[in-house]
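In: Here's my sequence, what's the structure:
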Amino acid sequence: MASRSERSATDIRPRENNLKSTCRHRRVFLMSPCLCHTRLTCLKSVTTRSEQHRSAREVDMKDTRLQTTTPQSASPLPESSPFHSGEQAIQSRVGSRDRVEESGRRLIRDYLPDQHCQFFAQLPLFFVATVDEQGRPWASPLVGAPGFLHSPDPHLLHVAARPLCGDPLNETLRDGAAIGGLGIEFHTRRRNRVNGTVALDPDGAGFTLQVSQSFGNCPQYINARQCHLVSQPSHDREPCPVQRGNRLNDAACSVITSSK
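Out: Prediction:
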């Protein structure tokens, strides 16, 4: 019988070989086995590579131009650096500290511009990152019909979704917790980031991300796909524990090595 990881309902088909990323080091994201209760299908795009890159550059330039327009209700970033000490140390080691600091202060906002509010509202998939009590980071997917991400205010992003069964997010998502969010529009390869803190809904149906940082990201290593939500996740099952271990089993290794 196939493992729960192998039965993941996420069907992601890569683009043709000539559109593969030139990145030398592949980044791997392991989906929680609870995705077997959710259907999210990604299909190949028919755009050419030049069209794909041109589209990505256009939306990336739009996101960059947004940095110069600040709504009256938005407050400027504090005088302190938008980067934490670890980021600053890496920037110094590669000799780009001053340049990145200048760019960060100019490009990183503390609110969501209108274009980003519209962007998140049309997504069926949202990735979040949290840290557990041991200081270990976890990446988790949240899924829902387009509209499950909603910004009632430039400083707020409401997420009408709960952590999936067996996801560490069930333990790390709590009031006041720091959280990072990543939205990707796969057919345009556009992606935007949002960081902030968590405010849980009283009914437990979701949470609000109180925005502290918002910015666009480079789409260079994203392969174009079409994503469609096939079915909503189910949350009425018996709780299932987070699977823990100090190594990957054969089934998990097979998922990783067969990915493209």
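In: How much space separates Leu164 from Ser140?
Out: According to Cβ to Cβ, to the nearest Å, Leu164 stands 8 Å off from Ser140. For glycine as for every other residue, the C-beta is placed from the backbone atoms N, C-alpha and C.
In: do the same with Ser103
Out: For Ser103, the distance to Ser140 - Cβ to Cβ - is 29 Å.
In: ok, now Ile108?
Out: Separation of Ile108 from Ser140 (Cβ to Cβ) stands at 23 Å.
In: Those two: which is more packed in?
Out: The residue with more neighbours, out of Ile108 and Ser140, is Ser140; 22 against 19, by other Cβ atoms under 10 Å.
In: surely that one meets Asn170?
Out: No. Counting by Cβ atoms under 8 Å, Ser140 sits too far from Asn170 to count as a contact (9.1 Å).
In: so what's in contact with these two at the same time?
Out: In terms of Cβ atoms under 8 Å, 6 or more residues apart in numbering, Ser140 and Asn170 are both contacted by the residues Pro163.
In: Could you tell me which strands sit next to the helix or strand where Ser140 lies in the sheet, and their orientation?
Out: Assigned by DSSP states H and E, Ser140 belongs to strand 137-143. Here strand 137-143 has these sheet partners by DSSP bridges: strand 125-131 (antiparallel).
In: which residues touch the partner strand?
Out: 29, 40, 120, 137-143, 148-149, 159, 161, 168-169, 172-173, 177-184, 227.
In: Which of these fall within helices?
Out: Using DSSP state H, the members of those that fall in helices are Phe120, Leu169, Thr172.
In: Filter the residues you listed down to the buried ones.
Out: Buried by 16 or more other Cβ atoms under 10 Å: Phe120, Leu169, Thr172, out of the ones in helices among the contacts of strand 125-131.
In: Excluding covalently adjacent residues, which one is nearest to the first one?
Out: Distances taken as Cβ to Cβ, 6 or more residues apart in numbering place Leu149 nearest to Phe120, at 4.2 Å, with adjacent residues excluded.
In: next one: Pro137
Out: Val131 (5.4 Å).
In: out of everything not next to it in sequence, what's closest to Val194?
Out: Gly181 (4.4 Å).
In: Correction: the previous question concerned Leu229.
Out: Nearest to Leu229 is Pro124, by Cβ to Cβ, 6+ apart, at 4.1 Å.
In: Let's see the pLDDT reported for the closest residue to Asp132 other than its chain neighbours.
Out: In space, and not counting its chain neighbours, Asp132 is closest to Thr172: 5.2 Å by Cβ to Cβ, 6+ apart. You'll see Thr172 listed with a pLDDT of 94.
In: Pull the contacting residues for Thr172.
Out: Thr172 neighbours (Cβ under 8 Å, 6+ apart): Thr130, Val131, Asp132, Trp138.
In: Counting neighbours, what do you get for Pro113?
Out: Neighbours of Pro113 (other Cβ under 10 Å): 22.
In: Gln122 too?
Out: 11.
In: three-state assignment of the closest residue to it other than its chain neighbours?
Out: Distances taken as Cβ to Cβ, 6+ apart place Pro146 nearest to Gln122, at 5.0 Å, with adjacent residues excluded. Following DSSP: H, G, I helix; E, B strand; the rest coil, the label given to Pro146 is coil.
In: what's Pro146 in contact with, if anything?
Out: Contact analysis of Pro146 by Cβ under 8 Å, 6+ apart lists Ala121, Gln122, Leu123, Pro124, Leu229.
In: among these, who's most crowded?
Out: In terms of neighbours by other Cβ under 10 Å, the contacts of Pro146 top out with Leu123 at 21 neighbours.
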